[in-house]
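Asker: Okay, sequence plus prediction incoming.
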Amino acid sequence: LPIYLQRGSNVRLPGSMQSAERRAFARRQMRVDFIICVYFPSCLQPPMSAHIIDGNLLSKKLRAEVAERAAALTQQGRQPGLAVVLVGDNPASQVYVRNKIKACEDNGLHSVFEKYDASLSEAELLARIDALNHDRRIHGILVQLPLPAHIDAHKVIEAIAPEKDVDGFHISNAGLLDRK
């Protein structure tokens, strides 16, 4: 059941709360500075049993499924395409992008890698994203973050068409994550 708290009251978290939830609160006793209704679902549900996941096996399985679906779409004349945009020379970003391009090649997806110098202007990047949004061979766009300081990452993310937003950062896609 919900716990109703009044302004300024002290509250102790239920003793049956799971340790992960305890850590999330930073301390066992907290001061409430506003009226709040808190619901602790794990206090009412039995703990879940752990499942060990073999990440390598799962990855291979998922990649095989993607390759199979990509091959089927390619046979229909609709090869899936990913555009990856990298601005600047962040070493970690370069490794990540290189792995994405390799994964596309290994699994039958068309990929486009566009690398730009850190001096690329925000307007030029937005124009390039607009062109990719209208490119029928590109079905997904990934703009690698972080971007140079002079480029507004939020503006760039919002410029990507929601249906082509691979990361799911566009506000429309982020909102869809909250739907049940």
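Answerer: Nice, thanks for sending it over.
Asker: residue boundaries of the strands in this protein?
Answerer: 3-5, 10-12, 29-31, 36-38, 81-87, 110-116, 140-143 (DSSP state E).
Asker: And the helices in the protein?
Answerer: 19-24, 55-75, 91-106, 122-134, 153-159, 171-177 (DSSP state H).
Asker: Just put those helices in a markdown table and tack on mean neighbour count.
Answerer: C-beta: built from backbone N, CA, C; applies to glycine. Supplementary listing: these in a markdown table, determined by neighbours: other CB atoms under 10 Å:
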| stretch | mean neighbour count |
| --- | --- |
| helix 19-24 | 10 |
| helix 55-75 | 12 |
| helix 91-106 | 14 |
| helix 122-134 | 16 |
| helix 153-159 | 16 |
| helix 171-177 | 12 |
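Asker: which one of those lies closest to I141?
Answerer: Among the helices of the chain, the nearest to I141 by CB to CB is helix 122-134 (5.2 Å).
Asker: so who does I151 touch?
Answerer: Shown in contact with I151 (CB atoms under 8 Å, 6 or more residues apart in numbering): V87, L120, S121, E122, L125.
Asker: how about low-confidence regions in this structure?
Answerer: 1-48, 180 (pLDDT under 70).
Asker: what about 50?
Answerer: 1-11, 13, 17-18, 22-23, 25-44 (pLDDT under 50).
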